[in-house]
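**Q** below is the structure, and that's it, no one-letter string:
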């Protein structure tokens, strides 16, 4: 594994309006690197350093893009050297206590904002983190609520567009000889995104949503997870499942229940399946009616009594 570069190198391509701001952000990063979980007052015990940090974050001449630009540039260089990397996309929320200006709604009642990040990881056996390729933030100013398909179709911008938009954006950053393999959880299983990527020849692994419909050779249809379980067996492997505590496990629509840690055997199956375009596809006129994709299913062979068998399918 390669040694990580000095923290100041990650900011060398940033274009701050004042060189003093570059010096300040390097000092902030070095201090936060000591204990990333610590709050600002805990990290900066010296009152003058803490005040300087607050002034930096409140400076209207800089924004998030300015601060991360140098790091993203370095990440691109590392990815191009590796020639092949995983581009792992996911969304997280930042929640804050107390009354604060400029924040939106998170999880219906809390205040904060959302961030959608793309982490590059080497696609070899080492799986070394190479850095961020993108970091996009947004806020909800009102509760999302339930909307009809027609109402969503009439919206110019959808939050779900972030999955495709970010993957297309990071593809533009790397050289033509570099291969990115986009990795997303089931929230990224959007037909529009899958079809666009397939048409562009992009590489991707997206965890399948349980309501995806497969078109069978005889003309019928089947749930994608049911079809995936019947694909040819490729391998068996022993894996460790971590313990899981879900405070919402008692709710009827919860996907993940509680689980005890255990070592178990899984079967790995793979093959091609034909996905049917959903009737509620928001941009159906521009999408193929069918999409032929490789699908991999990983399923637990013999779950202990009382435990739900672990399984997952990816496209």
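**A** Done, it's in. Please read all numbers here as calculations on a predicted model, not as lab measurements.
**Q** can you map out the strands along the stretch 1-150 of the chain?
**A** 84-96, 104-106, 110-122, 129-138 (DSSP state E, counting those that start in this stretch).
**Q** out of those, which gets nearest to residue 272?
**A** Shortest distance between residue 272 and those, using CB to CB, is found for strand 84-96: 22.4 Å. For glycine as for every other residue, the C-beta is placed from the backbone atoms N, C-alpha and C.
**Q** in the stretch 151-300 of the chain, where is pLDDT below threshold?
**A** 151-157, 247-256, 280-285 (pLDDT under 70).
**Q** what ranges does it have for its strands?
**A** 179-184, 203-206, 213-215, 221-223, 233-241, 262-276, 290-300.
**Q** hey, which of these is tucked in deepest?
**A** Of all those, strand 179-184 has the most neighbours on average by mean count of other CB atoms under 10 Å, namely a mean of 20.
**Q** domains of this protein?
**A** Domains of the chain are assigned by automatic domain parsing as 71-184, 208-315.
**Q** can you put those domains in TSV and add distance to residue 15?
**A** Shown next, in TSV, are the domains of the chain (distance: least, CB to CB, whole Å):
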stretch	distance to residue 15
domain 71-184	10
domain 208-315	36
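**Q** any idea what the residue most central in space within the chain is bridged to?
**A** The centroid of the chain falls nearest to residue 90 when counting by CA atoms, centre = their mean (1.6 Å). Beta bridges link residue 90 to residue 117 when assigned by DSSP bridges.
**Q** between the lengthiest helix in the chain and strand 110-122, how big is the angle?
**A** Across the chain, the helix with the greatest residue count (assigned by DSSP state H) is helix 64-82. Interaxial angle, helix 64-82 versus strand 110-122 (axes from the mean of the first three to the mean of the last three CA atoms, to 10 degrees): 20 degrees.
**Q** could you check the angle strand 84-96 makes with helix 64-82?
**A** 160 degrees.
**Q** how about residues contacting helix 64-82?
**A** 5, 9-16, 25, 85, 120, 122-124, 130-135, 137, 173-175, 177-178, 180 (CB atoms under 8 Å, 6 or more residues apart in numbering).
**Q** one more pass at 7 Å, please.
**A** Contacts of helix 64-82 with the rest of the structure, by CB atoms under 7 Å, 6 or more residues apart in numbering, involve 9-16, 25, 85, 120, 122, 130-133, 135, 137, 173-175, 178.
**Q** filter those residues down to the buried ones, PyMOL style.
**A** Command for PyMOL that selects the buried part of the contacts of helix 64-82, burial taken from 16 or more other CB atoms under 10 Å:
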select buried, resi 10+11+14+16+25+85+120+122+130+131+132+133+135+173+174+178
